[in-house]
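Chemist: got a predicted model here, sequence first, then my questions.
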Amino acid sequence: VHLVESGGGLVQPGGSLRLSCTASEFSLEENTIAWFRQVPGKQREAVSCISGYDDSTYYADSVKGRFTTSRDNAKNFVYLEMNNVKPEDAGDYYCAQETRFLICAPNIIPADFPSWGQGTQVTVSS
């Protein structure tokens, strides 16, 4: 399984960025895809999730109202739209896949997701 993230980079506080996650060998449709963020010295934390069961979504409190995750099944992408970015949003962002219709919830953890991308870095600076 090979997930690929893209779209990271430098963004100013208050700016926007869109991260993308795709796979070349399989469809992401009906898969639960989560975005995790990792900063040095801390564990990966779930930022958002879109369920393969019903496309319901979950957002961490820290990003709720600012980030949006969505699918484009025709293009086989899952996106994380980041708006009004804050310095604390900086980190390495990973998309992760689960194929058993996991329902997105606040208790999702990295161990729930067997497949991961290589990550894309988001830097927030003026």
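Modeler: Right, received. Where do you want to start? Model, not experiment: these values are computed from the prediction. Numbering: from 1, shown residues only.
Chemist: okay, CA-based contacts and neighbour counts for the rest of this
Modeler: Noted.
Chemist: got phi/psi on the residue lying closest to Asp89 once chain neighbours are set aside?
Modeler: Once flanking residues are discounted, Asp89 sits nearest to Val124: 7.2 Å by CA to CA, 6 or more residues apart in numbering. When read as degrees, to the nearest 10, the backbone of Val124 gives phi -120, psi 120.
Chemist: number of nearby residues for Val124?
Modeler: 19 (other CA atoms under 10 Å).
Chemist: OK, contacts around it?
Modeler: Applying CA atoms under 8 Å, 6 or more residues apart in numbering to Val124 gives the contacts Leu10, Val11, Gln12, Pro13, Val85, Lys86, Pro87, Glu88, Asp89, Ala90.
Chemist: just the buried ones out of these, please.
Modeler: Among the contacts of Val124, the ones that count as buried by 16 or more other CA atoms under 10 Å are Leu10, Val11, Pro13, Val85, Lys86, Asp89, Ala90.
Chemist: now the residues you listed as TSV including secondary structure?
Modeler: Converted to TSV, the buried ones among the contacts of Val124 look like this (DSSP: H, G, I helix; E, B strand; the rest coil):
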residue	secondary structure
Leu10	strand
Val11	strand
Pro13	coil
Val85	coil
Lys86	coil
Asp89	helix
Ala90	coil
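Chemist: what does stretch 45-53 contact?
Modeler: Residues from elsewhere that reach stretch 45-53 (CA under 8 Å, 6+ apart): 29-38, 56-60, 63, 68-70, 99-104, 108-110.
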